[in-house]
Structure formats: structure tokens, C-alpha cells
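>>> got a sequence here, can you build the structure:
(3 chains)
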Amino acid sequence: MALEDYRSDMERCSQCSYCKWIPLDHIKSWRFAKGCPSIAYNNFNSYSARGRFAVALSLLNGESGYTERVRDIVFKCVTCGSCDVSDKICRYNLEPLEMMRELRFTLVEDGQVLPQHMRIIEHLREEDNMMLEPRASRGDWAEGLDVKHIISEPAEVLFYAGCRFSYDKALWPAIRGAVAILKKAGVDIGIMGRDESCCGVRAYDMGFKDEFTRFAQNAIEAWREAGVKTVVTSCADGFHAFMRLSPRLGEHFEVLHTVQYLDRLIKEGTIRFSKSVPMRVTYHDPCRLGRGGEPYVPWEGKEEKLKNQIVIYVPRKPRYNGAWGIYDPPREILKSIPGIELVEMERIREYSWCCGAGGGVREAYPEFSNWTATERVEEAKAIGAEAMVTACGWCERNFLDAIDAASEKMAVFDIIDLVQRAI
Amino acid sequence: MGDKKGDLIGIVGRGSVLEESEILEAYSRDQSFVLPMRPSLVVKPDNADEVEEIVKWANQTGTPLVPVSSGPPRFRGDTVPSATGVVIVDLSGMNRVISIDRRNRLTVIEPGVTYGQLQPQLAKEGLKLSSSLAPRANKSVIASLMEREPRMIPRGQWAFHDPLRCLELVLPDGQRMRTGDAGGLGELAKARKRHLVPVAASGPYQMDAYKLVSAAQGSMGIATWASVKCEVLPQVHKVFFVQSRKLEDLIDFVYKLLRFRFADELMILNGAGLASLLGDGPGEIKTLREELPLWVVVVGIAGRSILPEQRVAYQEQDISDIAQQFGLHFVAEIPGARNSDVSKALNNPSKEPYWKCAGKGGFQDIFFLATLNKTPGFLETLYSVADAHGYPASDIGIYLQPVHQGTGCHCEFILPYDPGNPREAAALRELFAEASQELLNRGGFFSRPYGIWAGLAYNRDAQSTIMLKKIKSIFDPNNVMNPGKLCF
Amino acid sequence: MALSRELYQVLEDIVGPENISDDPALLDSYRYPLTHTAIHLGPFYRKYTPRGAAVLLPGSTEEVQAIVKVCNKHMIKFKASSTFWSAMGYPSYDNTIQLDMRRMDKILEIDEKNMFAVIEPYAIGAVLQAEAMKKGLNCHIHGSGSSCSLLASATSFVGPGPDGLFLGLANENMLGIEWVMPNGEVVRTGSLGSGLGWFCGEGPGPGIRSIIRGFQGAMGSMGVFTKIAIKLHPWPGPSQLPVEGIPPAYRTTLPDNFRVYTLAFKTWQGWSDGCHMIWDAGIGYIAHRQFNMFGRDLKGAMIKILTDPTKTLSDMEELLKDPKVQKMTEAMQRDFQIVLAGMTQRDIEWQDKALDKILAETGGYKVEEMNEPEIRDWALLYLIRLGHKNLNLVYGGGYDGCFGMVGPPDFGASHIEEVSDFKREWEKKGAIVTAGGDCTMGGIGFMGGGGLTMWENFTHFDPADRESTEGTYEFFDASYKYGVKHSLGYSLERLMSFARGADGMATSDEEKERWLAGAPQAFMFQYQRKIKELLDPNDLGDQTYRWLKPPKKKKGQDRF
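Predicted structure coming up:
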């Protein structure tokens, strides 16, 4: 696709501003009504999906050019997809998230790159990770863990750690725990350790499509060679990459998030809880696991018109409006842990508020990223939660940093952490 | 004067121009404390064309006009001239009920149509006007609505000015116009055949012209007809009461009824007020004051054209339940008053003499808008001032009428007195002035600023005053309409 | 033309550097395509409102006032908008400063007892409704839905909506108002002006309320409204709407004191009688002919699509062949939706019986298919929260309404078939969606207590398609002429043509005169001119506030 291919979307945008809010039906209060962090923080209309449609059209029509402001507009978006969900309550035939990604690709192709992103991408090219860390230490998290390394010892299920979990020591217990639990449950699981490389999705989000393609293809090749059938990950970003983006390149693996696997195992009785974890928690839906976690549906087709002017797609186009994301497994897990009291924030499931880490925002706009996370922490506080539980390393890190910056008292757990406590 | 008289005769005919002394005297004053001033002439137009001609003439000659629609006695001071050389435009002769439309529940009436005249005619067509409380039978319905007299049925008042809809006006500069959607209708009867009626009050265009003349005391134009939204005539109508010794005990109950939008007529009266309403003469009023409860919520429930009995029955039960929640009793009878008498008072114009005058021959009332929850505070203020002036609190009639579906409350304090007693009148004048000021200080909003209230109200709102004067200058460049009223 | 740096600095000093921009691309996100929602002119293919000189985000009345004063000093036009949905809120002159009221989004107060809320411009309907429901109250949400500014609708446009029957018209709900006038003065109306609170919008005496708006407001052309008090209404439901379902098929199941029906009638006479009897009985919380906007022939299929999360528009063709859908569509031909809300159990039971009696007497019935629980609960949520209003544009991305036929039900009912036939013929030409000719949508009541119905005939087109857009323009020209010829009244498709032309710019005086001079009581525009001269002496508003130049003086006429 090219940006020009989205011209009709830009011209058909309803101008309704639904993209700025969570689905209006779900608004429960003034305080937590907003869905789009970008416009909530920046306020100008251009910082919404609607606004970016207009900016993109202006650029396409040559009515404006690249400026610092334009870069700000384009890159100050967490690509969380909230706009997509809200838009598609009514307008099935618009793809704001896809358009915004295309807009980024266009800017990057035209050399309009943020130096903060460039630094990361250059490192990625050298060291295969988004964390500005050496490749060599990628596998350190698994030290002492009794688990197969699939390069040397094939396994049916690959546990993919992801860049954040691999290098963020504070988060290692979650992935170490995931591997240990799955292995103990009899899953034939392996890892790639230092041979693992980035899934590429964060580069994709920053506008570097080619980087993503390269890393995705590398991963696909490595997995194929290792005989991997199923990929399990605790990283929502990775989940989205493998579930939704990689298949566009033609290869299909079964992709599961750890929570899906665990949920299955708990329901089968393979995993049982013997300890109580008395805690009032709330679950934060990671964007890429929730609304971004819908299964990929291959599609190639065209636009046609029905009844003169009703825009349809032949064959039927998948809608990707968050309807079929992964929301219930993590909740089922938490509800099955003795002692846990699960309370819901106002913005959940497909209309969850983003943690602020995505879209290259954490890297380039730390203040905005922190603000977004802080908003979420406030939302958790508002319902009296003692802890936020989630299923994505990026979310966890962003919340931890925000809580630390504000000296707040709120615990953050990966869901695995609580599962481990209960086993 | 001869020229002016001749001009006016040329417009309305000799018999409709009056200059006899006793007639002029009658228009020179009313029962308010507003200083009397004699008009120069009285003219009685018969139709809108004549009104238009009169107003144009007034502009040409620089003659101030004061429109009057209701018959005497009048009480507000708004029809008493405040300038010299006034010509009274007495519209009471324009008393046609132009149409009654049951389907659209609209009546179109001229300014001289009174409550006494209209309600029976509406009843024949299965309609009823939401009325103010026991208006004089000769009170002009249009005047009552234009002056924003409170209605007894708050649930029916979506717009503050309900049930007033459209007006045909002669603006102060002589331009005839229609407000609301009436402007595009042409001849009303022909429009009706096309199923179009003057029912939407707003407009035309980007002005709510009917608000221009609302509570304007005739200073912003003369209405030559109005369309008024009516209620369906109840087939069943019952009146109930809730009583208490303290006003405070009733407030939340009334709020609850407003919240549920239950009841039709809904108001609070104190014993003195209810006594004045019901009593026949000073003696009976005095007796009733002693027998009646100190405070009464009067609740009317109507069943109209669809399942009327059932509506009344279920609301009766529900409201009774609500009353119980507040430790109150919802009853059909109260000591001192027959249900039928109260019902009659609600459903008819006042008997003669006007009920507020029945106690002592005269009265002054102080009324303003507030919110219901603040009313006890106003009572406290009034009683304090009354006490300081030696006016017996037990004489004060109090009428609290929720308006605009409960967003506000019309607070009315009725102070009977003997106008024939100069000392009493003088004392009351002082009490009236001080109480008005104190009530304003306490937060009372004198939204209908008659007499001295104009100074109080406009001094409080400099910005609106400036704006209003400018607006007046647009529509009344020659300042012919009731000059000296409001802030003009 | 860019603002001078000096002027930019002056404005930046008012709002802060993060709240002002004159970046061209950013400014282009503040231009409105003239193919879109309810702009009531055009549509004009690939035409936009002009680019502003700068966009500012004021955060307070003081900032707004300071900006307006600067504009007066430098003779720069300005235009404020809240949610920027529809061309009326956009400039029609070059070098206009745009005020985005987004930062002023607070609900300052909810007075539970006296049932009103005080809000800023960007407090949208959904947000106020959510907060009001916590206190057992609700707010009127006007027809463009709960993503819109309640303040803007009440002060500056029209404001009818599905709930108007019970919750009134936007205009009826306005209480105290705080207004930065075009000359930079701040005025507060009613009781607020006297420092006595927000509860009363009128007075003292006539007050200044009469010039703030009429049937329509000034659409941003006369200063900036910075706060209003808005009347609230009873809500006998839960303090939070329980919403469930898979998007987009959200639904709500409310307690037993709620009902939602689609009523239909065998004849238009019956339909009209039904409206009157419902008003006479005083029942109904929401009453609207809502789903007919999808088209008489298509609404059954659309409802199936919207209530099934697996379905999209691509399923329409198949659904239209489904006999059950056909039956439903046929049954709904002369329909409208109604929500009953009982304050108590007895209340709802009586309302239900009253409705049954009305239906029996008018040949009406409840459409069975709309009573299926998932559809019923979807419809209930849809109508209460009104959060799906960009479904107006779901077909091709563009819509505007024609006709309007605002009047008592008999008026619209007597013309509906002829206007449907007219539109059906035009649908055949290809530019607009063939939906059955009748895509009329509108309130049953329009104002509190009822009295009017509205019949906005939705015309669906594709704004990205030149032929569709231009064909729609032709249709609207024809429908407008038809409406004038047949005296069908208030005509939506050219309602704003007096203010803006095909190039997105303000009309010339001559063009404006052509549109306005023949209007009923055109002399009112002279008074409006004088009001404008009073309040906007430097002419900083645009043409959305109607006025005409003084007429040539006739002998003896000094009026204007």
C-alpha cells in the first residue's frame, strides 16, 4: 500500500471525532472518557486519527510540507488502535490505524525521521534489539533455566521472550516464570536465547517497514529451520507482530500469548493453585494483546459499490475492530487465583487506555509516554486497586516508571507473577 | 392634544378614543406603590392593523404608549404611565378567540381574551389552559403569559415561557411581525388546512423574538395575537394535600415529585395563603387561617384522554408511597378546607374580590425566583423584616410554585393590608422596600422587575442593563413604548 | 496569509506556546470538507473551508476574552468551535483565527436537586450524561449524537433530538449563559448576571436572551459562549449504563421500568394520529424515527448488520434476500422508535397500557423483530446514548439531508410519499444510494411535550467519488426547488447556502441577498444587522449570522 491508497479514506472520514473517545456507549465518567492519548495530551485536532487523515491529505495534495510540527503530529501517536475501535463502531470502511502507519512509512521514506528513533533503529540494525543493549547479552535472562535452546534442540513450542523482557532485569521473573510453568506443565518448550532477535514491530510502528520485514523474515526462517509449530510469547508487541503482521509475509505459525496457554492449562486442570494471593487487582489490557490481538484473516480484494454508493469489499474484508481480541483468558486466570479480587477500570477490553509505551513514543516523547501511563495509574487508583496486572513487558515497564516518577504506591505485576505466587 | 386625538380618531374611530377625566384617572394608577401619572388619552383598537397604525403614529409624533390588556384592578405598576403625554392602548376590546385546535392543542387568541372567557371555550373543545393560580377572571391570558406569571403545572413547562408559543407583535418601531414558526405561515386558517400551525416558539431565524417582549411590561412591543399550547381537558381530576408544621419538611417531598415528573398542579401554600384563596371575606379568612395547617403541598392529579382513571389511581398510590418515605401523609382532606373548594380554586379564575384582596381590601406581593431548597432562608429574612416593621407574620400569605420543571421556584409573599388606611399603607410601603432589598441580598432573583424592583434588579446586573438599553434602542429608537419602565 | 510574528507572539502570550499553532498542515486539520455531514450546502467535491490564520486552544473565559480583544484591536475575524463537526463551525474568510474549545471541557457543577448542570463548551453529551446518570439525571442529547457539544448546540445551532419529547429541545434547556461577545465584553444572562446562580436564563425583564439565538443560533459568528447551565431531566435508570456486547453490537439491558419498541402503523394517518395521542397521553422518554435513515428498503438489513458483530455492509445483499429481513422491512415501513421510562413500576405499567390503547385505536403495532432481545437492547442503548451517529455516513462516507418538513405530523405525513417518490427517481440516476426513496429521520416531538415532527431525508453518497458528489449536488438543487414549489417549508439542503459558496468562502452580499431577501419576514435580517452592529462593530464574525444591508429607503420609512 501507499499513502495515496488511503486517499478515499481521508476523503470519507466522517469528521465525527469518535476517534478521540472510547466508544461513546462505554463512557462512564468525565474523567475516563478519552480513548486517544495523543489528542488528550496535545489537544490540537491534528493529533487525532481524524486530524491525521486531514494532515495526510494536505501533504498528498501538496498543500503543506514537512515541518517539525508535522513530524510531531505523525510520531506523537502511540499507535494503540483506540481510534480504530471507536471509528469502526460505525464506519467499517475506514482504516485509521493502517493509514497512520502508512503515513509514518511515507515520512521515513522521505527522510523525516526522529533522531531518537534513528538512534534506536541504527542500534537495531547492529545488535538486533530495540533496547540499545548488546546482542550478546540477550539470552542472559535464561541463565540457569533448564530449557531447550531450539537452535540446538528442537521443540514444538517456541517461547519468544522479546526485547523488553530479555533486557529488563526487573521483568525477568515473569518470563522465567512463564517458561518454568509451561515446562512443568509438560509443554515441549524451547527458547532462542541470544539467538533471538527483535520481532521488528516497534520498528514498524516507528515507520521502518523494511526493518520489520527483514526481522520478520529472519525469525520465520529460523523457526522454520527449527521445526517450530507454535510460538508463545509474554510480550503483547511480539504477539501482535507474529499474529497479525508476519502472516502478511506468507508464513503461518500458531501464535499464542502466554495467557492463552495458561488459561487452557488451568481449565484442563494441569495447573492448579494451592496458595491464596489476597490482593485487589485490576487488569490492564495491553493494546496489542487486546484490540490488537485479533487473529489475522488473509484478504486480498477490492472495493466495490452496492446500491450505487454503498462501499463494500469483495471478498468480505476483515474488520479488525477489537471484537475478537484476547480479553477473557487473562481475566479467567486472575479470577481462578484464590484470594484475588479483580476489579475493572472504566476503560477495558477493546476500549482500554494505552500504557503509553508504543508507537515509538516512549523513545521519542518520554514526557508524553509518562503522562499516558500516569493516566492509567490514576484510573487504577480510582477503583481502589492495590495492583495493576498486565500481560506485556512494555506496559509493565512504562507503569513502573510512571509510578516511580510520581512516587505512587501501586504495584505492577505481570500475570505470571501472580500465577507463580499461587502455584 | 386636539391633533393627537384627531389622528387617533382617524385610526380607530371616534368611539374608541377616550379622554374623560374619570377614565384617565382610572388608568393613572393601580394598586401598586408606583407613583400615579395621568395619561393623556386612551385608545381602544379593534384589530392588529389599528395597533400597527397607532404605533407608527406614536413614532411619528413622539408619543409614548402604554399597552393594557387586563381589566382592573391591576397591581404591578407596569400599566401606570411613567412619562407625560402617554396614550394608553387598551387592547381589552381585541378579545377574539381566533381558533381552537384540539388536535394540535393550540389556541390562538387576541390580547383582550381573559381567563374567564377562554377556559370555558377551551373546555368545549376538550382542552384546558395551564393557568396561573386563581387569576382574575378579567386577566388577559396573553399578558399573563408574556409577563411570565408562573403556571401551576411545572411538569408541563419544558420552556421557561411555556405554554406561550408564537406571537404576532407590533414592534415599537411599528413593524408587524410574527415570532416562532408563525412567521412563515401566512394566513393562519389557510396554513391550518395545510396542516401547519404556530406551535414552535423559537425564532424567527436567530432571534427569539418572543423573549424580547417577555416580562417587558409593554416596553418592547404589543402583541396582537398569541398561540398558546393547551393541556388536554382532564376527564378525571383529583386534588390531594400533604401538610406540615414546617416548610423544610415538605421540600424534599416536592423535589421528589418534580424528579419523577409526577402530579400536575404542584405548589406549596402556607395556611394564610390558602386561607386567602379559599375564604369568603375577612372573617372566614381569619377563621381558616386558624384551622388550616401551617404548610400545605397542594397536588393535583389529572387523567386525560387515555386511561384517565388508571393514571390518577397509580399516581395517587405512588405519591402516597413517596410521601411516606418522607414521613408525610398524602391525604384528600385537610382540616379547614374542603377538597372541592380547593379543586374549584385551582380550576377557576379567582372569585371576586380578587383573592389576595379578600382579607383586608388590598395587598402587596413580593415575588422573585429562587430555587426551592433556598426558600426557608427567604422566609427567615421576610419574617425578620416584617417583625421589625411590626407586620404580623401570621398575615403573610406564602405561595411557592416550582417552575420550569423544578429548575426554579417562584417565591411569592402576599402582604394584605388596608389600602384605605394611610398609616398602614405607608408602613407597608417601607416594609415592602426593605424586604425587597433584603430578599435580593439573600439571593432572590427579581426576574420580573416591577416598580422599585427594577432599580434593585438592574443595579445588580450592569452588563445586562447596558445591553438591554442598546437592544431597546434598536427596536424602539424613538422610545415610545412604556418609557420609564425596567431600565429604560 | 500568515499571522505576523508580533501578533502571533501576542496571542501566544495569552494561551501559552503549546496552545497556538500556525503550521500549515495542522491548520489543514481545521478545514472542513464541503462534502460532509449536514453542512446544508453543496456538496462540493474536494472543496474545503479556508485555512485559518492560526488555531488557538484557550483554557479559560479570561483567555477567550483576551483573544477576542486582540482580534478587535487588529481587526481579525475569529471563529470558535467545539467538536468541529460540520462546516458551520469553520471560517468562511481567509485570515480567520480559529478557537478550538477543547481545553474548556469541564462539568463545573451538577445541581442534583434543581436539576441542572453547568458546563463548558467541550463537555460532550456522552460525558455529561454519564455524570448526570450517577445522580439519577439525564441530559438532552441532540440529534447529531453524544460526541457533540451540548453548549454549542444550545447556544449556537438548533438542537432537536430523539429525546426531545421528554428532555426538551436544546434551546428549552438553556439556563444562565456566560458569553464573550464579539466586541470582547463578557456578559452573563439571567440570574447569573445578577450573581445569583445559574438556575434562570431569563431576565431581569426581557433579559438579553432574545438576541442570543432563535430557532437557530449564530453558529459561532457572534462571539464565544464559554459556559452555560443546562437543564437536566429525570433518569429512572441505573447510575451507570450496563453495556455489554461485542463491538459494534453493544447493547444495554435495563431494569423492568424501561421499554423500547419500534412502532409501525398501517397508514400515515394512523402514524400521525399515534404521534398526537402519545403526546396527549404524556408518555414516552425518547421517540424518534431513527433507523429509517438507512432507507425504507434497507433498514431491516442494516439493523441485522449492526446487531451482529460478524456482519458488515458486504453482507447486505444477502440479507436483503432473506425473507425474515424482508418481512421486518415491510413491517417497519411507517415506523418510529419509542422508549418508555417509568419512574415507578406502576408508572411503566400504565404507560405500556396507554401505548397499547393508542396502537389499538390507530392501527399501530409493535414490530416483532425489533423485540428480539439483542436487537431490542441494542436499540435501547443506541437511542439513550446516541453514540452511533456517524452511522449517518456509513454507506459511502457522505450524507446530507434534504427536505425537512418540520411541522405537525400531519404535514410530513401528507407529503412523505411524494418526496419519497421524488427521491426514488433520483436514486435511480446512480449518484446516491438506492435506499427506497424514503430515508427520512426525525424526532417525534421535536420539543418538550411534543408538537412537531421532522423529516430529514438522508441522502447517502460517496464524497471520494466526483460523480457521486456532483450528482448529489444536482439532486439537492432539484429537491430544493421542489420543496419551494410545493411549499414544503424549512428546507435542509440549502439551509446554509446564504453563508458560504462552492469555494468554501463567504458568499458575496449579492448572493446572500439572493438567498435571504425572499425569505419570510426578511426584515428580521435588518434587525439582526443592527444587533450585529451593536455586538460586533468590527465585523469579526462571518455570514452564518444572517443579516442584510439596509434596504433603499422608501419615503417615510426610517426604520432601518
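>>> got the phi and psi for residue C:295?
For residue C:295, the backbone dihedrals (degrees, to the nearest 10) come out as phi 110, psi 140.
>>> so what's the closest residue to it other than its chain neighbours scoring on pLDDT?
Among residues not flanking residue C:295 along the chain, residue C:435 sits closest, at 2.3 Å (C-beta to C-beta, 6 or more residues apart in numbering or on different chains). All C-beta atoms are positioned from the backbone trio N, CA, C, and that covers glycine. On the pLDDT scale, residue C:435 is placed at 98.
>>> quick check: closest non-adjacent residue to residue B:93.
Distances taken as C-beta to C-beta, 6+ apart put residue B:44 closest to residue B:93, at 4.8 Å, once the chain neighbours are dropped.
>>> and for the one you found, the neighbour number?
Residue B:44 has 21 neighbours, counted by other C-beta atoms under 10 Å in any protein chain shown.
>>> wait, doesn't it sit right on residue B:11?
No - applying C-beta atoms under 8 Å as the test, residue B:44 and residue B:11 come out as separate, 10.9 Å apart.
>>> show me what contacts residue 272?
In the absence of a named chain, this looks at chain A. A:266, A:423 (C-beta atoms under 8 Å, 6 or more residues apart in numbering or on different chains).
>>> chain B, not that one
Residue B:272 touches B:289, B:394, B:395, B:396, B:397, B:398, B:414, counting by C-beta under 8 Å, 6+ apart.
>>> over to residue B:131?
The neighbours of residue B:131, taking C-beta under 8 Å, 6+ apart as the test, are B:115, B:119, B:151, B:152, B:349.
>>> now with 7 Å?
With contact taken as C-beta atoms under 7 Å, 6 or more residues apart in numbering or on different chains, residue B:131 is in contact with B:115, B:151, B:152.
>>> just residue B:235 next, same as before
B:303, B:304, B:308 are the contacts of residue B:235 under C-beta under 7 Å, 6+ apart.
>>> restricted to buried residues, select the residues you listed in ChimeraX.
The following ChimeraX line selects those of these that are buried, judged by 16 or more other C-beta atoms under 10 Å in any protein chain shown:
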select /B:303,304,308
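>>> so the residue lying closest to residue B:155 once chain neighbours are set aside versus chain A, what's the distance?
Spatial nearest neighbour of residue B:155, excluding adjacent residues (C-beta to C-beta, 6+ apart): residue B:261 at 4.7 Å. Per C-beta to the nearest C-beta, to the nearest Å, residue B:261 is found 26 Å from chain A.
>>> does residue B:261 really touch residue B:154, like I thought?
No - taking contacts as C-beta atoms under 7 Å, residue B:261 lies outside contact range of residue B:154: 8.8 Å.
>>> neighbour-wise, which of those two wins?
residue B:154 (28 against 18).
>>> which SS state does the nearest residue to the more buried one once chain neighbours are set aside fall under?
Nearest residue to residue B:154, sequence neighbours excluded (C-beta to C-beta, 6+ apart): residue B:402, at 4.3 Å. Three-state assignment for residue B:402 (DSSP: H, G, I helix; E, B strand; the rest coil): strand.
>>> also residue B:367?
Here residue B:367 is recorded as strand under three-state DSSP.
>>> give me phi/psi at the residue nearest to residue B:93?
Dihedral angles of residue B:44 (phi, psi; degrees, to the nearest 10) stand at phi -120, psi 90.
>>> can you name the residue of the stretch 451-560 of chain C nearest chain A?
residue C:464 (3.9 Å; C-beta to the nearest C-beta).
>>> tell me the contacts of the residue of chain C found nearest chain B?
Closest contact between chain C and chain B, by C-beta to the nearest C-beta, is at residue C:448 (2.4 Å). Residues near residue C:448 by C-beta under 7 Å, 6+ apart: B:158, B:159, C:164, C:168, C:169, C:172.
>>> for the last one, give its distance to chain A.
When C-beta to the nearest C-beta is applied, the distance between residue C:172 and chain A equals 24 Å.
>>> got a list of what the residue lying closest to that residue once chain neighbours are set aside touches?
Nearest residue to residue C:172 in three dimensions, chain neighbours excluded: residue B:159, at 4.2 Å (C-beta to C-beta, 6+ apart). Contacts for residue B:159 (C-beta under 7 Å, 6+ apart) come out as B:201, C:172, C:448.
>>> what about the last one, is that helix, strand or coil?
Spelled out, it's residue C:448. coil.
>>> what about the residue lying closest to it once chain neighbours are set aside, how many residues nearby?
Once flanking residues are discounted, residue C:448 sits nearest to residue B:158: 2.4 Å by C-beta to C-beta, 6+ apart. Using other C-beta under 10 Å, residue B:158 has 28 other residues around it.
>>> what secondary structure does the closest residue to chain C within the stretch 51-200 of chain B sit in?
Residue nearest to chain C within the stretch 51-200 of chain B (C-beta to the nearest C-beta): residue B:158, separated by 2.4 Å. Classification of residue B:158 using three-state DSSP returns coil.
>>> you'd agree it is up against residue C:170?
No - taking contacts as C-beta under 7 Å, residue B:158 lies outside contact range of residue C:170: 11.3 Å.
>>> which element is residue C:52 on?
Using DSSP states H and E, residue C:52 sits in no helix or strand.
>>> excluding chain neighbours, what is closest to it?
Nearest one to residue C:52, counting by C-beta to C-beta, 6+ apart, is residue C:98 at 4.1 Å.
>>> which helix or which strand is home to that neighbour?
Going by DSSP H and E, residue C:98 is in strand C:97-100.
>>> the helix or strand that that strand is followed by pairs with which strands, and in what direction?
In the C-terminal direction, the helix or strand that comes right after strand C:97-100 (DSSP H and E) is strand C:107-111. Strands adjacent to strand C:107-111 in the sheet, as given by DSSP bridges, are strand C:116-119 (antiparallel).
>>> next structured bit after the partner strand?
As assigned by DSSP H and E, the chain's next helix or strand after strand C:116-119 is helix C:125-133.
>>> quick check, the host helix or strand of residue C:467 touching chain B?
Following DSSP H and E, one finds residue C:467 within helix C:466-485. No - applying C-beta under 7 Å from any C-beta of the partner chain, one finds helix C:466-485 separated from chain B by no less than 12.0 Å.
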